[in-house]
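Asker: pasted the sequence and its predicted model underneath.
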Amino acid sequence: MLTQRYFLYILLVCLLWMFSCTIEESDSGGGLPVARGATGEIVLVMDSSAWSGRLGDEIRETFMKAMPGLPQPEPYYDLRYVNPFKLNKVLRNSKNMLYVATLDNENPGGRRIKSYFTESSLEKIRQDTDLFMYPKKNEFARGQELLYLFGNTEEELINNLEKNRERVRSFFGIIERDRIQKDLYKANEERGIMQGLLQKHNFYIRVPFAYDLVPLEDSVENFAWIRQLGQEVDKSVIVYYQDYTSEAAFHPDSILALRNEVTKKYIADSKEVYMVMQDHMPVSFDTVSFHGKFAVEARGLWKLNNNSMGGPFLSYTFVDEELGRLYYIEGFVYSPGQEKRPFIREMDAILNTFRTSSEQKNKR
């Protein structure tokens, strides 16, 4: 009798476990499946003739342009083109989806995509020529991000994309960064390091599990280095700050000079071996908003001066007005023989958790 009850108990536990897995795989509201897909991949649905023409060229320029600051060409995203008539349930449940349509396209593929729009949506497109993109979440799968790009004519959409490439490209970039952060911090964070940085340096940054604080001399008051030293990949984040005195600090030459000074002093094996920048590829600069603050983003390549190591880096330079500090924060990677894009995106995900002490207090 006891054995029978035990068997029934085990059976019940198994059934509950299977039920919980089913819930995990579907949306609690609409029974949606979980979105699937590789990081950095976008499934693109558009008419085949448009894909092979000027509009397709503009889409490729927007999403498949080589990411700056990498030693080998790697695109911002991997586009996976799908003919509208070959879009099956598996592809339709991808994490990132892009639908492209213009109202003047009367080919079968063009009409197929236009059929996804309601009449009221089509009327809005006809009336507002500045309206060309529309995002939607969880359309076919839970965790899915879908972007519609559209226009009255192909020429109109091309013009809007040319004027808004960075905006369109960053739509999926922000989404991918948030996903990377979610995965990166699933495991325990190094809260002891985080608390120490907050107390000593008045800044907060989420330190992923298995990162260590590189020991420095006690006299170092304005620099910190966290590092994950692996067998195949070496990943580092550095934070440097000083008093802010002039807008000239944002000039590219000033940023490069500051970086050279800091890395030569602190990222060194000895006085003879230290970090410098590779000069065969120019550093790429861009002005961005870093949590609402004006910032200069820099992407380039570093190496040790004896050429024993090297790789890409990504940095942000900005000012915290409350503390009167100029911050230079950077993530750099050593990953020989591997694609660099995933690791630079991981560095960006970590850097974007940075907050000053006052920002972190206000956030809480």
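Answerer: Thanks, I have it.
Asker: and Pro71, that one's in a strand?
Answerer: No - per DSSP: H, G, I helix; E, B strand; the rest coil, Pro71 lies outside any strand segment and is coil.
Asker: list the contacts for it?
Answerer: Met281, Leu301, Gly310, Gly311, Pro312, Lys340 (CB atoms under 8 Å, 6 or more residues apart in numbering). All C-beta atoms are positioned from the backbone trio N, CA, C, and that covers glycine.
Asker: lowest-confidence one in the residues you listed?
Answerer: Here the lowest pLDDT out of these sits on Met281, with 89.
Asker: name the SS class of that one, please.
Answerer: coil.
Asker: mind listing what's buried along stretch 68-81?
Answerer: Neighbour-count burial for stretch 68-81 flags Pro68, Gly69, Leu70, Glu74, Tyr76, Tyr77, Asp78, Leu79, Arg80, Tyr81 (criterion: 16 or more other CB atoms under 10 Å).
Asker: circling back: just among the contacts of Pro71, which is most surrounded?
Answerer: Highest neighbour count within the contacts of Pro71, by other CB atoms under 10 Å: Pro312, with 27 neighbours.
Asker: for it, phi and psi?
Answerer: Per-residue torsions, Pro312: phi -90, psi 160 (degrees, to the nearest 10).
Asker: shouldn't it be in contact with Ile344?
Answerer: Yes - between Pro312 and Ile344 a contact is recorded at 5.6 Å, counting by CB atoms under 8 Å.
Asker: give me the common contacts of the two.
Answerer: Gly69, Leu70, Arg299, Val333.
Asker: looking at those, which is nearest Phe132?
Answerer: Closest approach to Phe132 among those (CB to CB): Arg299, at 27.7 Å.
Asker: wait, is the closest one part of a strand?
Answerer: Yes - per three-state DSSP, Arg299 lies within a strand segment.
Asker: what are the bridge partners for it, then?
Answerer: Residues found in beta-bridge contact with Arg299 (criterion: DSSP bridges) are Ser284, Leu314.
Asker: can you list the domains in the chain?
Answerer: 22-183, 189-363 (automatic domain parsing).
Asker: which stretches in this protein count as helices?
Answerer: Listed in chain order, the helices found in the chain under DSSP state H are 2-24, 48-51, 54-63, 89-92, 108-114, 119-127, 154-163, 165-184, 191-201, 252-266, 341-351, 357-363.
Asker: of all those helices, which one is nearest Gly324?
Answerer: Of the helices of the chain, nearest to Gly324 by CB to CB is helix 357-363, at 11.9 Å.
Asker: follow-up on the earlier one: return the most buried member of the helices of the chain.
Answerer: helix 341-351 (a mean of 21; mean count of other CB atoms under 10 Å).
Asker: gap between that one and the chain center?
Answerer: 7 Å (CA atoms, centre = their mean, to the nearest Å).
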